[in-house]
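[1] Following is a predicted model, sequence given first.
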Amino acid sequence: MIKVKRDWWKNFFNHIYLITDARSVKNKSLTCREVDLIERSLNLKRSDRILDLFGGQGRHSIELARRGYRDLSVLDYSEYLINLGRRLSSKENLKINFYRADARTTGLKSNDYSVIIVMANSFGYFPREKDNLKVLQEIHRLLKKRGRLLLDIANPIYVKNNLGLISWHRIRNILILRSREIRNNLVKTREIVISQQDGLIRDECYCEYLYEQDKIRQLLRKIGFKNIKINNKLSLHNKKGDYGLLSSRMIITAKK
């Protein structure tokens, strides 16, 4: 049985994460395709005030800034990723605000953003479902009237029917092994990372809630969102493979 700590996410997203998930989070062409999707799905305007929630090092916001979007903010709990994002954006002289905070209680001003994006399956990290609900409530608080939300989450049907309980891949001289359990729509994963040079560099567990279409629609409506649209079975990686919960996506858009 895989045991996941309630606060596993506090220290997980560091330099090792950028190695183990490099095929996605350091993939420039994938990031561009994801930003293309954001622009199409939300009909973005250059003047939109955009919050990139769970934005990590801000790869989507950096690409949006390159395309001329002027009012961008990134919020994430990882101090490592936030500091990295500040350095990366500064190198290109891109104006992006970076905030380190808990997504359940951001401390940001209410009714202040016209767009909030939650990309790359970053929603659902909390082991207790009520905490994930708090994230949606906070998003609703932060959005202006008629503000737009985009959620990029895992396709639960694909995960249950196609994702292997054991997977592995290699990044240069580093081997990443993952074992998974799925119970009651909660995916628990044990990740073991072995470096040819340094030996074992990670043995940690993490989790993710899977949301069926009807369930996420119900939650959004309950909070007050409307015009909810869902595009499922979307794959953005060019090559076939086990990309974990990013293998097949469900894109949800909604308005406050």
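    Yep, that arrived.

[2] For the residue lying farthest from the centre of the chain, give me its contacts.
    Largest separation from the mean C-alpha position in the chain: Gln197, at 30.3 Å (CA atoms, centre = their mean). Residues near Gln197 by CB atoms under 8 Å, 6 or more residues apart in numbering: Asn173. The way it works is simple: take the backbone N, C-alpha and C, and place the C-beta from them, glycine included.

[3] can you rerun that using 10 Å?
    Gln197 makes contact with 173-174, according to CB atoms under 10 Å, 6 or more residues apart in numbering.

[4] how close does it get to Ile116?
    41 Å (CB to CB, to the nearest Å).

[5] do Leu200 as well
    38 Å.

[6] Between these two, point out the one with more neighbours.
    Taking other CB atoms under 10 Å, Leu200 and Ile116 do not tie; Ile116 has more neighbours (24 against 9).

[7] Would you confirm that the more buried one belongs to a strand?
    Yes - Ile116 forms part of a strand when assessed by DSSP: H, G, I helix; E, B strand; the rest coil.

[8] Make sure it is actually in contact with Arg148.
    Yes - if you go by CB atoms under 10 Å, Ile116 and Arg148 touch, sitting 7.7 Å apart.

[9] list residues touching both of the two?
    With CB under 10 Å, 6+ apart, Ile116 and Arg148 have common neighbours 42, 50, 256.

[10] contacting residues for the last one?
    In this structure, Lys256 makes contact with 111, 113-114, 116, 139-149, 223-227, judged by CB under 10 Å, 6+ apart.

[11] 7 Å - rerun?
    Applying CB atoms under 7 Å, 6 or more residues apart in numbering to Lys256 gives the contacts 140, 143, 145-147, 224-225.

[12] Report pLDDT for it.
    Lys256 is assigned 98 on the pLDDT scale.

[13] can you pull the contacts of Ile2?
    181, 188, 190, 205.

[14] For Ile62, see how far away the last one is.
    To tie it back to what came earlier, the one meant is Cys205. Taking CB to CB, one finds Cys205 at 30 Å from Ile62.

[15] Equivalent analysis for the first one, please.
    Plainly put, Glu181 is 35 Å away from Ile62 if you go by CB to CB.

[16] Same question for the second one.
    In this structure, Lys188 lies at 32 Å from Ile62, with CB to CB as the measure.

[17] okay, these two: which has more neighbours?
    Ile62 (23 against 19).

[18] ok, Leu108 touching Leu142?
    Yes - counting by CB atoms under 7 Å, Leu142 is a contact partner of Leu108 at 5.8 Å.

[19] Name the residue in the two with the higher neighbour count.
    The residue with more neighbours, out of Leu108 and Leu142, is Leu142; 21 against 17, by other CB under 10 Å.
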